[in-house]
Structure formats: C-alpha cells, structure tokens
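Enquirer: Build me a model from this:
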Amino acid sequence: QVQLVESGGGSVQAGGSLRLSCAASGFTDSSDCMGWARQPPQKEREVIARICTGLVRTYYADSVKGRFTVSQDNAKNTVYLQMNSLKPEDTAMYYCAAATSWSSWLRGQRSWGQGTQVTVSL
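Expert: Numbers count the residues shown, from 1 in each chain. Alright, predicted model coming up:
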C-alpha cells in the first residue's frame, strides 16, 4: 500500500522559514516524480513544486518561485520543500504527491499524502 507521510508544518511569522519533508513507502517502483501542492482555505489545490528524476528542470508555481526549493533524496524516497521568506498568503494545507514516472505524473496518476498545515502570521 502506497503511503506518503508529510512532516515539518507549523506556524511561523512572515519572513520566516520552514522545511517540509515527505517520505514515500509502498511503491513497487521508485517514485520518479515527487512534489508538493497546497490548498488554502476555500480554494482549490494547486501544485506548487515538482521534481522528477532524470528531468533537468524542476517546476515551481510563480507564487513560490525564488522562495521555495524542492529537492529529492532518491535513496530515502523522500522529497523536501524548503520554504523561505514566507508570507501570510502561503498559509495552506500542504500535500505531498508522488508518481512512478513523468508520464504518470502528467496523467494525474499521483498518490497523495494526508497533508501538513502551514500557517504564516504577520
């Protein structure tokens, strides 16, 4: 059974930093693509960062570009999201996602974690 477990969320003041982690287990194959999405209250979930083994470019949503960094430890099947210069508008539930290949990711065949809350206050 595929399982993604996020950690590292919490409350922080604007301008601060947080680092989210997500460990994947239960995949028959390794998770070639892993990433993060977030869902603010009463808004839709949006993918904000993605990294795929073998792809040169990572993806970042414009709203986080230059402030957030996604990285992956293939040996641990873990993905991280370093969030710097946090803003109140970054407040959301953050979800980890994983897919076994780039094509699976594109088709939306992703597994999701339960989410971790990030709250940024002024």
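
Enquirer: quick one: the strands in the protein?
Expert: Ranges of strands within the chain are 3-7, 10-13, 18-25, 33-39, 46-52, 59-60, 68-73, 78-83, 92-99, 111-112, 116-121, based on DSSP state E.

Enquirer: Which neighbours in the sheet does the last one have, and how are they oriented?
Expert: In this case it means strand 116-121. Strand pairing for strand 116-121, determined by DSSP bridges: strand 10-13 (parallel), strand 92-99 (antiparallel).

Enquirer: out of those, nearest to residue 47?
Expert: Of all the strands paired with strand 116-121, it is strand 92-99 that lies closest to residue 47, at 7.2 Å by Cβ to Cβ. To be clear about C-beta, it is placed using only N, CA and C from the backbone, and glycine gets the same treatment.

Enquirer: Name the nearest residue to residue 101, ignoring sequence neighbours.
Expert: Distances taken as Cβ to Cβ, 6 or more residues apart in numbering place residue 32 nearest to residue 101, at 5.0 Å, with adjacent residues excluded.

Enquirer: what do you get for residue 94?
Expert: residue 38 (4.9 Å).

Enquirer: Could you give the number of residues near the one you found?
Expert: Per other Cβ atoms under 10 Å, the neighbour tally for residue 38 reads 22.

Enquirer: That one bridge partners, please.
Expert: In this entry, residue 38 is beta-bridged to residue 46, residue 94, by DSSP bridges.

Enquirer: do residue 80 as well
Expert: Taking DSSP bridges as the rule, residue 80 bridges to residue 21, residue 71.

Enquirer: just to revisit the earlier point, make a markdown table from the strands paired with strand 116-121 and add distance to residue 64 and mean neighbour count to it.
Expert: Putting these into a markdown table (distance: least, Cβ to Cβ, whole Å; neighbours: other Cβ atoms under 10 Å) gives the following:
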| stretch | distance to residue 64 | mean neighbour count |
| --- | --- | --- |
| strand 10-13 | 15 | 13 |
| strand 92-99 | 11 | 23 |
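
Enquirer: Go through these and name the closest to residue 86.
Expert: The closest of these to residue 86 is strand 10-13. By Cβ to Cβ, the value is 5.7 Å.
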